[in-house]
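K.L.:
Whatever this is, show me its structure:
(one chain, ligands or ions: 1)
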Amino acid sequence: MNTNGRIFTLDQPSTPIHINLDTTRKCNLSCWYCHASAGPFYKGPAVSADKVPEILATAEAMRCFDINVTGGEPLMWQGLEALADASQDLDFTSLQIITNATTVTDRTLAILERTKNLKRIIVSLDGLEDSHDRNRGKGMYQRTITNLQRLKDVVDNITVISVLDQNSHIGWQELTELLMKIGVRQHHLTPVCFTGHAMNGFDGLTQDQFTKIKMEADSMNAHIDPSQFLLVFNDTLVNEMTSRTLNMHKFVERFKGWLTIVRPDGNVRTNICTWGRTWRFDETLGNINETPLTQIFDGYGPKVTNWLQHRFTTEEEVTRKFHIGDNIELIQQDIAEVGASNQDVAVAISEREYEELDEIVIGHLPLFDYGQTLETFKPIFTANKGQYRLRKENGFGFMFDTVTSKVSILSEEEYEALAQI
Ligand SMILES: C[S@@+](CC[C@H](N)C(=O)[O-])C[C@H]1O[C@@H](n2cnc3c(N)ncnc32)[C@H](O)[C@@H]1O
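P.N.:
Alright, predicted model coming up:
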């Protein structure tokens, strides 16, 4: 459907559509770039198992599309059983887990097996053996590949994330080919971001490398059937959107305020002025150890819309996240003010000029990629209704695909057409 260049204003989130549950910062690995600053010696707080039912129930009641269970290493988190128990009441909201897949046991597999609405498992693999083990330790590649197969037997919808740095951005195609052969469904290439441990010695991609990887991914995608396998370059801040359907990771990076992060210490935050897990001003909505989560979300819309006025421009965010561009002073100022602080303590923003958030004119973009239209999609939607979730917003709608984790931004007419089916 041609939406005639209509303006969709996505700056009034009513409630989040995606929750990142940062369970713990405990991890068996110590990746040099870890945005969570996780590692084996972490002794700080973790999200309490007691709080899990409340988090899931609140997400379900808000019609939040999904909860991304991450860490640290979520398979080492003591709340995993509670997650499986509480998931039995989920209907609308999906769960996904990101894991390094090196600590998988029969017990964790059994817990995951009974976790309702666990729609996909994301496994981190930074490349073939040499690249992966350089980042994650000797022997980790073999262990992850073996366990990936065991996880796949539990949830046959595996996505692999590869963090691309100065080493791993070369030769990722060989990993993609292997993943297609072993039945993985998606491969995401994620540029390393300057946050957490990565602030101790950044090794990010250059602008030219962003361009090169985009071209390489596009040319590889030309030979891949998207209904079988999705190869995604998470470059949304650097390269243009091509349609109004994008994966959840890209959506929340591009459109701020629709993501809420629950931190290991119980703080609940939005992601407006952040890069990775580094906050530039205090976006804390409350703490689940002190206040019921439903109460924390009271007044979410107006508060977030107000905070959105302070968001970075895309250029500023790209500079901070990836060190692309020439505003070195901005980065130096960040290192001085944020780098020295505990990442869980948001640093007051220095006085600077913010640009007002513009309305986002995306109505002229097609709804889908690959030439698909609403008309060709309708029979697919009809045949697989249980796979999709719809949510009505002010002046537009969302559709979420629980299998691919893609979010579509719908005009009111498109929303109504699907809601009637
Ligand atoms: C912090 S890990 C936690 C889950 C689990 N321990 C794992 O390794 O998959 C979540 C994901 O973020 C990615 N990641 C960590 N630090 C990053 C950074 N600085 N930039 C981009 N991605 C990062 C990891 O590779 C992983 O795919």
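K.L.:
Using the three-state scheme, assign the nearest residue to Trp275 once chain neighbours are set aside.
P.N.:
With sequence-adjacent residues excluded and distances taken as C-beta to C-beta, 6 or more residues apart in numbering, Trp275 is closest to Lys321, at 4.2 Å. To be clear about C-beta, it is placed using only N, CA and C from the backbone, and glycine gets the same treatment. Look at Lys321: counting by DSSP: H, G, I helix; E, B strand; the rest coil, its state is helix.
K.L.:
Quick check: Lys321 vs the ligand, distance?
P.N.:
8 Å (C-beta to the nearest ligand atom, to the nearest Å).
K.L.:
Repeat that for Val104.
P.N.:
Applying C-beta to the nearest ligand atom to Val104 and the ligand gives a distance of 12 Å.
K.L.:
circling back: the residue nearest to Trp275 is in contact with Ala198, isn't it?
P.N.:
No: counting by C-beta atoms under 8 Å, Lys321 stays clear of Ala198, with 10.0 Å between them.
K.L.:
shared neighbours, these two?
P.N.:
Listed contacts common to Lys321 and Ala198 are Gly276; contacts here mean C-beta atoms under 8 Å, 6 or more residues apart in numbering.
K.L.:
who's in contact with the residue nearest to Trp275?
P.N.:
Pro191, Cys193, Phe194, Thr195, Leu237, Trp275, Gly276.
K.L.:
JSON lines for these, including pLDDT and neighbour count?
P.N.:
Shown next, in JSON lines, are the contacts of Lys321 (pLDDT from 0 to 100; neighbours: other C-beta atoms under 10 Å):
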{"residue": "Pro191", "pLDDT": "95", "neighbour count": "21"}
{"residue": "Cys193", "pLDDT": "93", "neighbour count": "23"}
{"residue": "Phe194", "pLDDT": "90", "neighbour count": "23"}
{"residue": "Thr195", "pLDDT": "88", "neighbour count": "25"}
{"residue": "Leu237", "pLDDT": "78", "neighbour count": "19"}
{"residue": "Trp275", "pLDDT": "81", "neighbour count": "24"}
{"residue": "Gly276", "pLDDT": "82", "neighbour count": "21"}
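K.L.:
Could you tell me which residues of the protein lie near the ligand?
P.N.:
27, 33-36, 70-73, 98-100, 124, 161, 163, 190, 192-193, 195-196, 198, 276 (C-beta under 6 Å from any ligand atom).
K.L.:
same thing but 5 Å
P.N.:
Residues of the chain found near the ligand (C-beta under 5 Å from any ligand atom) are 33-36, 70-71, 73, 98, 100, 124, 161, 163, 190, 192-193, 198.
K.L.:
Out of those, which is nearest to Gly325?
P.N.:
Cys193 (14.5 Å; C-beta to C-beta).
K.L.:
if I look at the residue nearest to Glu290 when sequence neighbours are not counted, how far off is Arg311?
P.N.:
Spatial nearest neighbour of Glu290, chain neighbours left out: Gly266 (7.4 Å); criterion: C-beta to C-beta, 6+ apart. Using C-beta to C-beta, to the nearest Å, Gly266 is found at 25 Å from Arg311.
K.L.:
now Gly395
P.N.:
Taken as C-beta to C-beta, the span from Gly395 to Arg311 is 20 Å.
K.L.:
try Glu283
P.N.:
Separation of Glu283 from Arg311 (C-beta to C-beta) stands at 10 Å.
K.L.:
Any chance you could list residues touching both of the two?
P.N.:
Contacts common to Glu283 and Arg311, judged by C-beta under 8 Å, 6+ apart, are Ile272, Cys273.
K.L.:
pLDDT below threshold where in the stretch 1-150 of the chain?
P.N.:
1-5 (pLDDT under 70).
K.L.:
now the strands for it?
P.N.:
18-22, 66-70, 94-99, 118-124 (DSSP state E, counting those that start in this stretch).
K.L.:
quick one on the thing from earlier: which two in the contacts of Lys321 are spaced the farthest apart?
P.N.:
Maximum distance among these (C-beta to C-beta): 13.9 Å, for Thr195 and Leu237.
K.L.:
Please tell me I have it right and Leu90 contacts Glu60.
P.N.:
Yes: at 5.7 Å, Leu90 counts as touching Glu60 under the criterion of C-beta under 8 Å.
K.L.:
quick revisit: give me the more crowded residue out of Gly266 and Arg311.
P.N.:
The residue with more neighbours, out of Gly266 and Arg311, is Arg311; 21 against 18, by other C-beta atoms under 10 Å.
K.L.:
how near is that one to Asn100?
P.N.:
31 Å.
K.L.:
contact partners of stretch 136-154?
P.N.:
Stretch 136-154 is contacted from outside by 29-31, 99-102, 104, 109, 112-113, 121, 123-126, 128-129, 132-133, 158, 160, 182-184, using C-beta under 8 Å, 6+ apart.
K.L.:
Since that was my last question, I'll sign off now.
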